[in-house]
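In: could you look at this predicted model? Sequence included:
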Amino acid sequence: MHFKLRIGFTLVEVLISIALLCTTGTVLLSFFFKNPTTELAWINDYGNNLSKTYLYSIQIDTPDTIFTHLDYHGWHWEIVIQAHKKDPEACFQATSIRANQDTTRSLYICDYE
């Protein structure tokens, strides 16, 4: 018997390699290029946690203050604490601002004497 030696790839091998390359490419693209919605959710969550942290750590007689914070991405945050005092209550509003452009929702805490 005489056998022919076939050199090359089968169609199944080619399809499997294309599927693997597409899957790897999709994962890498989603890693390098973040979705704006995902990024916005991260900004809001991080800013909300910063506001909470500073609101719970301030003294009741603290006047209007701006705190600065540097996150692990290297972004500069400003946490603006504003005091609103009326007898018998003192309320504080905290707003986190990232890089002077992204502002998160304000959080409030009030103390009644």
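Out: Nice, I can see it.

In: and the gap between the closest residue to residue 82 other than its chain neighbours and residue 64?
Out: In space, and not counting its chain neighbours, residue 82 is closest to residue 93: 4.6 Å by CB to CB, 6 or more residues apart in numbering. Every C-beta, even on glycine, is put in place using the N, C-alpha and C of the backbone. From residue 93 across to residue 64, the span is 10 Å (CB to CB, to the nearest Å).

In: could you do residue 111 as well?
Out: Distance from residue 111 to residue 64, by CB to CB: 16 Å.

In: returning to what we had before: among residue 93 and residue 64, which residue is more densely surrounded?
Out: Just comparing residue 93 and residue 64: by other CB atoms under 10 Å the higher neighbour count belongs to residue 93, 17 against 11.

In: so what sits against both of residue 93 and residue 64?
Out: The contact sets of residue 93 and residue 64 overlap at 81-82 (CB atoms under 8 Å, 6 or more residues apart in numbering).

In: around residue 57, how many other residues sit close by?
Out: Residue 57, neighbours per other CB under 10 Å, totals 9.

In: before we move on, what's the pLDDT of residue 3?
Out: Looking at residue 3, its pLDDT reads 69.

In: which SS class is residue 22?
Out: Under the three-state scheme (DSSP: H, G, I helix; E, B strand; the rest coil), residue 22 adopts helix.

In: name the nearest residue to residue 70, sequence neighbours excluded.
Out: Nearest residue to residue 70 in three dimensions, chain neighbours excluded: residue 76, at 5.9 Å (CB to CB, 6+ apart).

In: for that neighbour, list the residues it contacts.
Out: Going by CB under 8 Å, 6+ apart, residue 76 touches 68-70, 98-99.

In: mind listing the strands the helix or strand of the chain with the lowest mean pLDDT pairs with, and their directions?
Out: Ranked by mean pLDDT, DSSP states H and E, the helix or strand of the chain with the weakest confidence is strand 102-103, at a mean of 77. Sheet pairing of strand 102-103 (DSSP bridges) gives strand 89-98 (antiparallel).

In: give me the buried positions along the strand it pairs with.
Out: 90, 92-98 (16 or more other CB atoms under 10 Å).

In: what does it contact?
Out: 43, 46-48, 50-52, 54-55, 58, 60, 62, 75-85, 103-113.
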